[in-house]
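**Q** following is a predicted model, sequence given first.
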Amino acid sequence: MELFLIGIVALLTAGITLFSGFGLGTILMPVFALFFPVPLAIAATAVVHLANNVFKFGLMARQADWPAVARFGIPAAVAAIAGASLLTWFDRMPIVAGYTLGGSAYEITAVKAVIGTLIVIFAVLELLPRFRTLAFPPRWLPLGGLLSGFFGGLSGNQGALRSAFLLRAGLSKEAFVATGVVSAVVVDAVRLITYGTGVMAEHFTRSQELLAPVAVGTVCAFIGSFAGKRILKKVTLQLVQAIVAVAMLLIGAGLVSGLI
């Protein structure tokens, strides 16, 4: 069941979010969290996210704007280390509260509360019309990299901020997507290295259980991205944003409440 659920979510999400530049990690992470601790779920999602972006990198790398990648990606990589380290710190904090519902016990932990709250915040922003059209001048690219990288390292929520800061960088649609993909690869690689010395090391015995789910999620994400590149032109970015935002609200609320 876990392999099927992870695979189908990865396939569909990778397909519908190819051109939005965000969504795969946000939606896939809670599916992993249904079966593994949240820090491990974030790390596992980062592996799938990185592999999928490397695949997209092969499809689109020639269209990337490399000066924009440098101005955005380098600060993002530095900030991703800080965010990923903070995730390890939250994971070490004790349980905040516990309760029983329908005969089942649920726990609210600091890491779930923080990650869930961040997901809800980003979901609300995505539903606001002003945020959907928010774009920053090119001179703010380094700041955008810092913010996107930090939240990417902490919770995996990097794509929405990345898109907002790259929208007005004077890029074509193809260059916008490709530049975002390259920047995401940089952040994912750096945060995975940091996770490897933190949350992955501390949950090492269970991390080995992730091999099959990560492999299934990665392959399905490849298929989704490949198909999405050919058929998604018929789907509006606004529709994708709305679908992702609603899913994020439900997922974030579930994490904060301890239900996920």
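**A** Ah, there it is.

**Q** measure stretch 226-246 end to end?
**A** Across its full length, stretch 226-246 reaches 25 Å end to end, with Cα to Cα, to the nearest Å as the criterion.

**Q** residues contacting Asn53?
**A** Applying Cβ atoms under 8 Å, 6 or more residues apart in numbering to Asn53 gives the contacts Val181, Ala184, Val185, Asp188. Every residue, glycine included, has its C-beta placed from N, CA and C.

**Q** quick check: the second one vs Thr109, distance?
**A** What that stands for is Ala184. For Ala184, the distance to Thr109 (Cβ to Cβ, to the nearest Å) stands at 27 Å.

**Q** of these two, give the one with the bigger neighbour count.
**A** The neighbour comparison of Ala184 against Thr109 (other Cβ atoms under 10 Å) goes to Ala184, with 28 against 21.

**Q** wait, the more buried one sits on His49?
**A** Yes: counting by Cβ atoms under 8 Å, Ala184 touches His49, with 7.1 Å between them.

**Q** residues contacting the nearest residue to Ile260 once chain neighbours are set aside?
**A** Spatial nearest neighbour of Ile260, excluding adjacent residues (Cβ to Cβ, 6 or more residues apart in numbering): Gly254 at 3.8 Å. Gly254 makes contacts with Pro30, Gly116, Ile260, as judged by Cβ under 8 Å, 6+ apart.

**Q** work out for me the element Gly254 sits within.
**A** Assigned by DSSP states H and E, Gly254 belongs to helix 237-257.

**Q** for that helix, which positions count as buried?
**A** 240-241, 243-245, 247-249, 251-256 (16 or more other Cβ atoms under 10 Å).

**Q** out of those residues, which one sits closest to Thr197?
**A** Nearest to Thr197, judged by Cβ to Cβ, of the buried residues of helix 237-257 is Leu255 at 24.5 Å.

**Q** how close does the closest one get to Ile8?
**A** From Leu255 to Ile8 the distance is 21 Å (Cβ to Cβ).

**Q** give me the next element, helix or strand, following the longest helix belonging to the chain.
**A** As assigned by DSSP state H, the longest helix anywhere in the chain is helix 66-91. Sequence-wise, the next helix or strand downstream of helix 66-91 (DSSP H and E) is strand 95-101.

**Q** CA atoms only: put that next one into CSV for me.
**A** Extracted C-alpha coordinates of strand 95-101, given in CSV (Å, rounded to 0.1, in the frame of the first residue of the first chain):
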residue,chain,number,x,y,z
ILE,A,95,6.8,15.8,22.4
VAL,A,96,4.7,18.9,22.9
ALA,A,97,1.3,17.2,23.6
GLY,A,98,-0.6,14.0,23.1
TYR,A,99,-4.3,13.1,22.9
THR,A,100,-6.6,10.2,22.0
LEU,A,101,-9.2,10.3,19.2
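
**Q** so what's the gap between the helix or strand following that strand and the chain middle?
**A** The C-terminal neighbour of strand 95-101 among helices and strands, as given by DSSP H and E, is strand 104-109. Once both centres are worked out by Cα atoms, centre = their mean, to the nearest Å, strand 104-109 turns out to sit 24 Å from its chain's centre.
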